[in-house]
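In: what follows is a protein structure lacking sequence information:
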């Protein structure tokens, strides 16, 4: 499936080319996501992607094991991820980090599996995620190429 996404930032728009597919144990979104350039060497300091709703197709829900992203992390940048899960395709959707709080994020380097909290997400069928791209100086951007959510039936 190919689709164009338009992501609104606080002060601009990013265009992202995305290719998606779903397997029985992993969710992969293949895309290249980075903060929009304002001028030749200046970027916005924040970007946000909120995913579509994904269905594991397991009526009794699943155990969400980990989240991992692949890409490039430049100096003075970070990538924060939150996950929301539910037994209903229309939510409620509360995006949380490792302590089940909306104030925390999964944050690590690319290629590192971050354990998802069983207390927050186990037994749910549907999920969504948010990716926050941050640049403290606006002179560089992180680049997210993949996000992987590992789960088991």
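Out: Sure, I can see it. The structure presented is a predicted model; accordingly, all values stated were derived computationally and were not measured. Numbering: from 1, shown residues only.

In: where does the nearest residue to residue 100 once chain neighbours are set aside sit, in terms of helix or strand?
Out: Of all residues not flanking residue 100 in the chain, residue 120 sits nearest, at 4.2 Å (Cβ to Cβ, 6 or more residues apart in numbering). Backbone N, C-alpha and C define where each C-beta goes, glycine included. In this structure, residue 120 is located in helix 118-121 according to DSSP states H and E.

In: what's the first helix or strand after that helix?
Out: Proceeding N to C from helix 118-121, the next assigned helix or strand is strand 126-135, under DSSP H and E.

In: strand partners (parallel or antiparallel) of that following strand?
Out: Strands that pair with strand 126-135, judged by DSSP bridges, come out as strand 46-50 (antiparallel), strand 54-55 (antiparallel), strand 77-86 (antiparallel).

In: nearest to residue 63, out of these?
Out: Of all these, the one in closest proximity to residue 63, counting by Cβ to Cβ, is strand 77-86 (10.7 Å).

In: and the next helix or strand past that closest one?
Out: Using DSSP H and E, the next helix or strand after strand 77-86 towards the C-terminus is strand 106-107.

In: direction included, what does that next one pair against?
Out: Using DSSP bridges, the strands paired with strand 106-107 in its sheet are strand 77-86 (antiparallel).

In: quick revisit: of all the strands paired with strand 126-135, which lies closest to residue 150?
Out: Ranking these by distance to residue 150, with Cβ to Cβ as the measure, places strand 77-86 first at 11.5 Å.

In: what sits up against the closest one?
Out: Around strand 77-86, the neighbours that count as contacts under Cβ atoms under 8 Å, 6 or more residues apart in numbering are 64, 67, 69, 71, 73, 91-97, 102, 105-107, 110, 114, 116, 120-121, 124-136, 140-142, 144, 147, 149.

In: could you pick out the buried ones from those?
Out: Members of the contacts of strand 77-86 that pass the buried threshold by neighbour count (16 or more other Cβ atoms under 10 Å) are listed as 64, 67, 69, 71, 73, 93, 95-97, 105-106, 110, 114, 116, 120-121, 124-135, 140-142, 144, 147, 149.

In: before I go, just wanted to say thanks for your time.
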